[in-house]
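Peer 1: got a sequence here, can you build the structure:
(2 chains)
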Amino acid sequence: MQQPKNLNRLLRALSRQGLDVSYDNKVYSICLNSSLKENWQDADAQTAEVLLPEGFPVEAKALKQLASLANVRHPQGGCVCRACATPDFHPGDSGVAIGSIVETAGMVIPAAVGSDINCGMRLHVGDLSIEQFLSQRDRFVELLKGDYFFGTRDVSMTATTAGAMFQHGIPGWLDALRDKPTGSAANSDFEQLASECDRTFLGGSMNGGVKWAPEELVPNDGLVRDGGLGTIGGGNHFVEIQVVEEVIDRATAYTWGVRSGQIAFMIHSGSRNVGKYIGGMWRDRACEAWPKTLKHPESRLFPLSVAANPELVSSYLQAEATAANYGFINRLLLAEFLRLRLRQVFGDVEAPLVYDVPHNITLAEGAGWVTRKGACPAHLGQPVIVPGSMGAPSYLLVGKGNDRFLRSASHGAGRARSRFDMSREGVDKTDSALGLTGVDCITLREERRIEEAPAAYKPIQPVIDVQVEAQIVGVVAKMKPVLTFKA
DNA sequence: ATGTGC
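Peer 2: Here you go, the predicted model:
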């Protein structure tokens, strides 16, 4: 067994901080020892596993956050059945590491999904050569810049279409739009969008969305408040033009309509301000619902127990579904602007959907629920989309349904340096030191390029390799970036 | 993640 150089020192340091960690064949097993346990937690500590490429840096803070998540319990009923993390995991600032997956029974943990509800990936391929694309690049970019950054697009909705969106996600929203077309989407091909629901995770609809649009989101004037619908968002979110560089699993790629040399469109975004609003509200409500007689858990991860507060659990899941439905439609609209501009500039170009999948969501799965925070579902045979960093390749994979890692794959390469660190240290560095050479990044904010530069991320290849080796996914195709829009 | 932040 080969170990990272400073492994033993790291393990001793973690032990002093209340964490027992062991390492075997690229898997870390983490367990809280008594010093970090809450006094009412009489049960044995729950172990969590992390898969990491050999020699990869491990952050103590992320391990600690994962161990805390694995040991969330509700004194009135509810426990974690299993917890693990993907190779791209890194510390999160709300106390949950990005790349954590947790299976719970009898409770849900709103903080485990957080604010970025239904952040996810969407991939289209187009019948357009990269040469054709580059010949009209400037015109295409100018039009899309207007859509994504300056709001030249129209996403207005009536209260009826907005309500259908929040309650039913893509299919219900399409039905409402058919009756009363509004906004840019009114120019869309509804039949095509409807037919693409079967290439969208859960059909593009979370069951249990609220039966009305929340008052805070749809005021009495009947127009939906712009929660950022049809915008990319910050951080690692992007819209990217790519080319399918290599097809590895030809049979699967063929079934999914992906061929070598095709142009590809990859979207990484979520539910924007709606998720922020709902996630923040339920972080507070979960805290308020904690039994008054007990002190707060040090991790500040408050579960909602089915036994203690069944109505709160179902209200939370409804609220999460509401934001998730919005997230599905946000990605769909980002793709629609792309397709509309593609047709405008290049004529009759088909750009069918390959797949759309959330990597930040709670699903009824396993013994109760599985919450993935920055981890892509990787059920058997399911398409998995893993973006690289800016300038690095992205991957289309197929899930293998690996139960040990809760049927989940990474959602990227993983951050190596925080945005703050990059904004402080990156300004003095050259583009080549930041890995920014040959990257065609369209953004209005120079600091985004630096904060999100390839140097801020870990290398994607070892992250993919270790997941293939662990039988979490198989590689279907590799896409190389051509041009990236960052907000 | 968020028109943010040490």
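
Peer 1: is it true that residue A:187 touches residue A:340?
Peer 2: Yes. Applying CB atoms under 8 Å, one finds residue A:187 in contact with residue A:340, separated by 6.4 Å. Where you see a C-beta, it was placed from the backbone N, CA and C, and this is true even at glycine.

Peer 1: quick one, which of those two is more surrounded?
Peer 2: residue A:340 (18 against 12; other CB atoms under 10 Å).

Peer 1: need phi/psi at the nearest residue to residue A:118 once chain neighbours are set aside.
Peer 2: Distances taken as CB to CB, 6 or more residues apart in numbering place residue A:327 nearest to residue A:118, at 3.0 Å, with adjacent residues excluded. Note on residue A:327: its backbone torsions stand at phi -60, psi -40 [degrees, to the nearest 10].

Peer 1: how far away is residue A:327 from residue A:124?
Peer 2: Look at residue A:327 and residue A:124: by CB to CB, to the nearest Å, they are 17 Å apart.

Peer 1: which one's more surrounded, those two?
Peer 2: residue A:327 (28 against 24).

Peer 1: thinking that one is in contact with residue A:119, fair?
Peer 2: Yes. The criterion here is CB under 8 Å, and residue A:327 meets it with residue A:119 at 6.9 Å.

Peer 1: name the residues contacting each of those two.
Peer 2: Residues touching both residue A:327 and residue A:119 (CB atoms under 8 Å, 6 or more residues apart in numbering) are A:269-271, A:275, A:358.

Peer 1: which residues touch the lowest-mean-pLDDT helix or strand in chain A?
Peer 2: In chain A, no helix or strand scores lower on mean pLDDT, DSSP states H and E than helix A:7-16, which sits at a mean of 84. By CB under 8 Å, 6+ apart, the surrounding residues in contact with helix A:7-16 are A:4, A:20-23, A:33, A:58, A:60, A:63-64.

Peer 1: out of these, give me the one that has the most neighbours.
Peer 2: Busiest of the contacts of helix A:7-16 [other CB under 10 Å] is residue A:63, holding 23 neighbours.

Peer 1: so who does that residue touch?
Peer 2: A:14, A:19, A:21, A:28, A:30, A:50, A:97.

Peer 1: secondary structure and distance to residue A:74 for those residues - can I get that in a markdown table?
Peer 2: Shown next, in a markdown table, are the contacts of residue A:63 (DSSP: H, G, I helix; E, B strand; the rest coil; distance: CB to CB, whole Å):
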| residue | secondary structure | distance to residue A:74 |
| --- | --- | --- |
| A:14 | helix | 26 |
| A:19 | strand | 22 |
| A:21 | strand | 26 |
| A:28 | strand | 27 |
| A:30 | strand | 21 |
| A:50 | strand | 24 |
| A:97 | coil | 21 |
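
Peer 1: any idea which element the closest residue to residue A:427 other than its chain neighbours lies in?
Peer 2: Once flanking residues are discounted, residue A:427 sits nearest to residue A:450: 6.4 Å by CB to CB, 6+ apart. In this assignment (DSSP states H and E), residue A:450 forms part of helix A:446-451.

Peer 1: check which residues of that helix are buried.
Peer 2: A:448-451 (16 or more other CB atoms under 10 Å).

Peer 1: give me the subset of the residues you listed touching DNA strand B.
Peer 2: residue A:451 (CB under 7 Å from any atom of the strand).

Peer 1: can I get the buried residues of helix A:446-451 in JSON lines including distance to residue A:133?
Peer 2: JSON lines is the format used below for those (distance: CB to CB, whole Å):
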{"residue": "A:448", "distance to residue A:133": "23"}
{"residue": "A:449", "distance to residue A:133": "22"}
{"residue": "A:450", "distance to residue A:133": "27"}
{"residue": "A:451", "distance to residue A:133": "27"}
